[in-house]
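S.K.: When you get a sec, could you give me coordinates for this:
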Amino acid sequence: MSLQMPSSTRERGRRVLPAGLALGGTSIAFMSLYLGAGALTPLLVDYKDRFAFEPAMLNIAFAVYAAGFLVAALVFGSLSDHIGRRPVLIGGLMIQLVSNLLFLTATDVSAVIAGRIVQGIASGAATAAFTAAMVEMAPDKRKTLGAVLGSVSLTGGLAIGSLLTGLALDLSSAASTIVFLILIVLTVAGLLVAIFSPETGRRVPGALRSLIPRVSVPSVARAEFASAAPVIAAIWMLAGLSGGLAPNMVRSVFGIDSFFWGGFAGFVAPAVSTAVGLLFAKLPARRALLIGIYASLIGAVAIIGGVFAGSIALMIVGQGVAGIGFGACFSAALQLLIPLVASHQRAGIVAAVYIVSYGAFGVPIVVEGQLVSLIGEIPAVVSYTAVTILLTAISLIAQIRIHRRA
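M.R.: Take a look at the predicted model:
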């Protein structure tokens, strides 16, 4: 691995990677966080079989990732703006390494839950810093490349991690060991990249103050936030269905004893979301949001239809259409909200969006797990998905009213 001396005085005296290698290595290191999160989509079903825990615990083991992510994102999300990107990247990857070791050595559900919490903390603490670093590392005339790499690394990592792990589980009895050894190697490589990459941020006073979460929706943005929040919740609930419920449904609802199909069920939505995020990048935000709302409605209806008809193909198509909704809605909602507020208010409104997103990603899954024991799995899944239809319909009505007033 060749090293070169940087031209900037800030990096003088420390050997750093060439710019292109640093950007590529950073994107792979970022993807490793989400490869790990995606790997747990089919692995949780395997853990349920091996450790013989209840279906409700499967949902909890999935949902605690969201709790870890949300707390870390709210507390550490702005830290790299004050102490630089590298320390936060290194810290996040070290926490991720602990998570991988917990999964590698897990012997019961408590270790799996602990690993998921730590995994969520790692991703929540480092995601904003990784995204900012990649934009800053990109060439001056190609800053959008950094943003694209950030988006693809996140959702693409979730998709690839789920698909390849599902395949590995069908091919090898030692799949979980193989997966986490690979992730450990990737994480260590990512640490080396972070250590030897140039620092793209700068030190700014206020690091301790930045650890205090700021959550606010200024009055100028409240109407837009209220109209977007229901569909944001809906698309994250559908993402939770894809990553948390669908892999187990492959076996329990559709009777298919295959980890690959469980992994594929978790692959479709984030893969489609990745493509849509790239294709819709230049589409007006309001139009993208409306397309995403309609896609989310259609996808949820198809998922319910697939469950009732016993058709895994229809359910997976529904997840793919729901992935269009996620890819279109989430970035569009942020594009509509952020310009409405002053620069010092942006962190607060993004934090509010995070709370809606990860609250919807985690809490309803736990509730669904409790409903399974009361009313059965199919009624519980249908009820869960029906809530997303209701939420999406609320946003559709609100968007139609905004369009009429415009």
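S.K.: same for whatever helix or strand L314 lives in, what does it pack against?
M.R.: If you go by DSSP states H and E, L314 is part of helix 312-337. Counting contacts by 3 or more CB pairs under 8 Å, 6 or more residues apart in numbering; DSSP states H and E, helix 312-337 is packed against helix 222-240, helix 246-252, helix 259-279, helix 285-309, helix 346-375. No exception for glycine: its C-beta is placed from N, CA and C like everyone else's.
S.K.: Next, the buried residues of it.
M.R.: Of the residues in helix 312-337, 312, 314-334, 336-337 count as buried by neighbour count, 16 or more other CB atoms under 10 Å.
S.K.: related to what we said a few turns ago, quick one, which of the helices and strands packed on helix 312-337 is nearest to V64?
M.R.: helix 346-375 (7.3 Å; CB to CB).
S.K.: Looking at the helices and strands packed on helix 312-337, spot the one closest to F69.
M.R.: helix 346-375 (5.8 Å).
S.K.: Show me the domain layout of the chain.
M.R.: The record's domain split for the chain, according to automatic domain parsing, is 13-200, 214-406.
S.K.: Turn those domains into CSV, columns for mean pLDDT and distance to G206.
M.R.: Formatted as CSV, these follow (pLDDT from 0 to 100; distance: least, CB to CB, whole Å):
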stretch, mean pLDDT, distance to G206
domain 13-200, 91, 5
domain 214-406, 92, 12
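S.K.: how about those domains in CSV, adding distance to A207?
M.R.: Shown next, in CSV, are these (distance: least, CB to CB, whole Å):
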stretch, distance to A207
domain 13-200, 4
domain 214-406, 14
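S.K.: residue contacts, T187?
M.R.: A29, S32, L93, Q96, L97, N100 (CB atoms under 8 Å, 6 or more residues apart in numbering).
S.K.: what about the first one, distance to A159?
M.R.: It stands for A29. 18 Å (CB to CB, to the nearest Å).
S.K.: The third one too?
M.R.: The gap separating L93 from A159 is 21 Å, by CB to CB.
S.K.: One more: the fourth one?
M.R.: According to CB to CB, Q96 and A159 sit 18 Å apart.
S.K.: any idea of the angle the longest helix belonging to the chain forms with helix 259-279?
M.R.: Of all segments of type helix in the chain, defined using DSSP state H, the longest is helix 19-51. With axes from the mean of the first three to the mean of the last three CA atoms, to 10 degrees defining the directions, helix 19-51 sits at 150 degrees from helix 259-279.
S.K.: In helix 19-51, which residues are buried?
M.R.: Those would be 19, 21-48, 51, for helix 19-51 by 16+ other CB under 10 Å.
S.K.: Show me what the helix or strand following it is packed against.
M.R.: Downstream of helix 19-51, the next assigned helix or strand under DSSP H and E is helix 55-76. The contact analysis (3+ CB pairs under 8 Å, 6+ apart) places helix 55-76 against helix 19-51, helix 109-137, helix 222-240, helix 246-252, helix 346-375.
S.K.: again, only using 7 Å
M.R.: helix 19-51, helix 109-137, helix 346-375 (3 or more CB pairs under 7 Å, 6 or more residues apart in numbering; DSSP states H and E).
S.K.: will you turn these into CSV that also has distance to A265?
M.R.: Formatted as CSV, the helices and strands packed on helix 55-76 follow (distance: least, CB to CB, whole Å):
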stretch, distance to A265
helix 19-51, 8
helix 109-137, 19
helix 346-375, 15
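S.K.: Return the closest of the contacts of T187 with respect to S78.
M.R.: For the contacts of T187, the nearest to S78 is L93 (18.8 Å; CB to CB).
S.K.: relative to helix 109-137, how tilted is the helix or strand harbouring the closest one?
M.R.: Assessed by DSSP H and E, L93 sits inside helix 85-104. Using the same axes, to 10 degrees, the direction of helix 85-104 lies 150 degrees away from that of helix 109-137.
S.K.: just the CA coordinates of helix 85-104, formatted as PDB?
M.R.: Taking C-alpha atoms only, helix 85-104 is exported to PDB below (Å, rounded to 0.1, in the frame of the first residue of the first chain):
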ATOM      1  CA  ARG A  85     -13.800  13.300  11.200                       C
ATOM      2  CA  ARG A  86     -11.000  10.800  11.900                       C
ATOM      3  CA  PRO A  87     -11.500  10.400  15.700                       C
ATOM      4  CA  VAL A  88     -15.200   9.700  15.200                       C
ATOM      5  CA  LEU A  89     -14.600   7.300  12.300                       C
ATOM      6  CA  ILE A  90     -11.900   5.400  14.300                       C
ATOM      7  CA  GLY A  91     -14.200   5.300  17.400                       C
ATOM      8  CA  GLY A  92     -17.200   4.000  15.400                       C
ATOM      9  CA  LEU A  93     -15.200   1.300  13.700                       C
ATOM     10  CA  MET A  94     -13.700   0.200  17.000                       C
ATOM     11  CA  ILE A  95     -17.200  -0.100  18.500                       C
ATOM     12  CA  GLN A  96     -18.200  -2.100  15.400                       C
ATOM     13  CA  LEU A  97     -15.300  -4.400  15.900                       C
ATOM     14  CA  VAL A  98     -16.700  -5.100  19.500                       C
ATOM     15  CA  SER A  99     -20.100  -5.900  17.900                       C
ATOM     16  CA  ASN A 100     -18.600  -8.300  15.400                       C
ATOM     17  CA  LEU A 101     -16.700 -10.100  18.200                       C
ATOM     18  CA  LEU A 102     -19.900 -10.400  20.300                       C
ATOM     19  CA  PHE A 103     -21.800 -12.000  17.400                       C
ATOM     20  CA  LEU A 104     -18.800 -14.300  16.600                       C
END
